[in-house]
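> coords please:
(one chain, ligands or ions: 1)
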Amino acid sequence: MSETAWNAVDGAGFELFFDYPDEAAFASTVAGLVVDRVASRLGARDHTLWGAAAEDEASKRLSWVSLPTTSRPLVAEVTALRAELAAAGLTKVVLCGMGGSSLAPEVICGAAGVELGVLDSSDPDFVRQALEDRLGATVVVVSSKSGGTVETDSQRRAFEKAFTDAGIDPAERIVVVTDPGSPLEESARGAGYRVFLADPAVGGRYSALTAFGLVPSGLAGADIGALLDEAEAIRPVLESDSVDNPGLRLGSLLGIANLAGVDKLVLANAGAPFAGFGDWAEQLIAESTGKDGRGILPVVVDALGSPNFSTSTSTSDEVLALFGTAGGSSGKVFSSLHPASGFGLSVDAALGAQMLLWEHATVVAGRVIGINPFDQPDVESAKAASRELLDGGGSAPTPVFVDGPVTVYASPGWLPEGTSTVADAVTALLLQLDDATGYVAVQAYLDRHRDAALAGARDALAVRTGRPVTFGWGPRFLHSTGQYHKGGPATGVYLQVTGQPVADLAVPDRPFTFHEFLTAQAVGDGQVLADKGRPVLRLHVNAPSDLAAVREVLA
Ligand SMILES: O=P(O)(O)OC[C@H]1O[C@H](O)[C@H](O)[C@@H](O)[C@@H]1O
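Now for the predicted structure:
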């Protein structure tokens, strides 16, 4: 079955396939959702759709369904502020934020072709680079729903100091987006910053169309009114109790695939309008579904030829999703990628509509799978472990061996005694993979711009293992697939890469530096994974230039 469930207008969209051609199961799942009036109840914010245990959380998390309407007043406010800032010569926008507070603006600005600097790291070299680039023309948006995320707080402190050191009043340059009553709101008001309050009845990963998505994107020059129009256009379709509803169909496909053990979702980009969409969807899906030993693992690949995406080498536990642009009315550029026997779904719609569609589909999949799509029970555990390390608690890890410029650490119980080379340690880690269900997660706590070449290890390891491989930049992935790795099925093996920076950087008025914080995040998350019995290998390089040695082993 291949279908076009809903055609909007503009010929940009996605296709999704999976190799579990049980049309009867699919049809009866969709029909069941229609009988239960799931779509209209979702539109009416019915918090009982995910079972009794989820009711409390869901009752506080459903306002995203009506954001295309309720966010409308922001458009004029943001447009006016952009004009005011431009008049003052402030043309560069940098966003400080993690997870749901940064991934949507990144994709919205990417689609609009406007520049937005995204600082979503605690790597000192990365942070320093953001501070040094055109500071005189920079306005900084500090976005945190909770107001308590340590990465974002540290980034804000670093920018405040940089502005002050340059003789610039931070109050002229810092714009805060947060929830009402957060500690960030209080400190920002005290400091005289401009503050945009977001809707607190929307969770971070569903906040694309709130102030979190719209303020930085609008200030950077994206047409946020059009984005809301796109979402508004698909809303009635998504809230209709119909077997043609693409939200129900996509959610059902993801849900029944998952129940059948097809639990990895490979997200590929075919064109510029959706650059970054995979990373946004990754966080939405991984945090919403990866818990209670279940979930969908998003695997973001950056090329259509990636081994996890290619129809000849993808694995039977993968659903393939492709985002791209249609070649005008002549058909989609990617139509040749249909697997012969699988079945799929195709939705043509613009970015705003796609965001709302995937949010609907994710919560529908949550209902089919039987999980609460609104909590993230395992994100906190890594934060607590890194806090303990920074507070001087916990024990500093002991290396297993040193191989040239690489110091090697391993969780207990799997690395053969006497292993003495990085190559042998990596081989031993990969031997821990289950052939039918396993996956490799590469987690690089480095500078994602400077060290971008390391991401090539993803495809190389996918070829070498014949299994799905994810690649995440720390600490960014901790707010995305991090939930799945700790809360989802225990099928992953974990390869962490850390390193000494060119130079460390103090976090102003905090008792730790950026590098100490980043290291504590890696060690803390590794510890939580190890405590769950998962194999974790950490390769620590002496200097950025020594990364070549790691790349060679992983190539
Ligand atoms: O916006 P913040 O409160 O700073 O949170 C940033 C991110 O933190 C955690 O990882 C949550 O699980 C995410 O859903 C959230 O988007």
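
> for the rest of this, base every contact and every neighbour count on C-alpha atoms.
Will do.

> list the buried ones in the helix or strand where His515 lies?
For His515, the host element (DSSP states H and E) is helix 514-531. Using 16 or more other C-alpha atoms under 10 Å as the burial criterion, the residues of helix 514-531 that qualify are 514-530.

> next secondary structure after that helix?
Past helix 514-531, the next helix or strand by DSSP H and E is strand 536-541.

> CA atoms only for that next one, dumped as PDB, please.
Output in PDB follows, covering the C-alpha atoms of strand 536-541 (Å, rounded to 0.1, in the frame of the first residue of the first chain):
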ATOM      1  CA  VAL A 536      29.400   1.900  27.600                       C
ATOM      2  CA  LEU A 537      32.800   2.700  26.000                       C
ATOM      3  CA  ARG A 538      34.300   6.200  26.400                       C
ATOM      4  CA  LEU A 539      37.200   7.300  24.200                       C
ATOM      5  CA  HIS A 540      38.800  10.500  25.500                       C
ATOM      6  CA  VAL A 541      41.200  12.400  23.200                       C
END
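
> and the next helix or strand after that strand, how far from the chain's centre?
Once strand 536-541 ends, the next helix or strand along the chain (criterion: DSSP H and E) is helix 547-554. Distance of helix 547-554 from its chain centroid, counting by C-alpha atoms, centre = their mean, to the nearest Å, is 26 Å.

> can you tell me the helix or strand for the residue located most distally from the centre of the chain?
If you look at how far each residue of the chain sits from its centre, by C-alpha atoms, centre = their mean, the farthest one is Gly418, at 37.8 Å. Under DSSP H and E, no helix or strand contains Gly418.

> any idea how far the residue nearest to Pro307 when sequence neighbours are not counted is from the ligand?
Spatial nearest neighbour of Pro307, chain neighbours left out: Thr313 (5.6 Å); criterion: C-alpha to C-alpha, 6 or more residues apart in numbering. Separation of Thr313 from the ligand (C-alpha to the nearest ligand atom, to the nearest Å) stands at 32 Å.

> ok, Thr313 - how many residues close by?
The burial count assigned to Thr313 is 15, neighbours taken as other C-alpha atoms under 10 Å.

> give the next helix or strand downstream of the lowest-mean-pLDDT helix or strand in the chain.
When each helix and strand of the chain is scored by mean pLDDT, DSSP states H and E, strand 4-7 comes last, with a mean of 40. Using DSSP H and E, the helix or strand that follows strand 4-7 in sequence is strand 12-18.

> next structured bit after that following strand?
helix 23-35.

> quick one: contacts of the helix or strand following that next one?
As assigned by DSSP H and E, the chain's next helix or strand after helix 23-35 is helix 38-43. Residues from elsewhere that reach helix 38-43, judged by C-alpha atoms under 8 Å, 6 or more residues apart in numbering: 33, 49, 65-66, 238-241, 248.

> helix, strand, or coil at Ala104?
helix (DSSP: H, G, I helix; E, B strand; the rest coil).

> I'd say it and Ala211 touch.
No - here Ala104 lies out of contact with Ala211, judged by C-alpha atoms under 8 Å, at a distance of 10.7 Å.

> over to Leu297: give its phi and psi.
phi -90, psi 110 (degrees, to the nearest 10).

> Arg294 contacts Lys486, correct?
No - in this structure Arg294 lies outside contact range of Lys486 using C-alpha under 8 Å: 10.6 Å.

> look at those two and report which has more neighbours.
The neighbour count for Arg294 versus Lys486, taken as other C-alpha under 10 Å, is higher for Lys486 (28 against 20).

> on that earlier part again, the more surrounded of Ala104 and Ala211?
Ala104 (28 against 24).

> so who does that one touch?
Ala104 neighbours (C-alpha under 8 Å, 6+ apart): 207-208, 212-213, 280.
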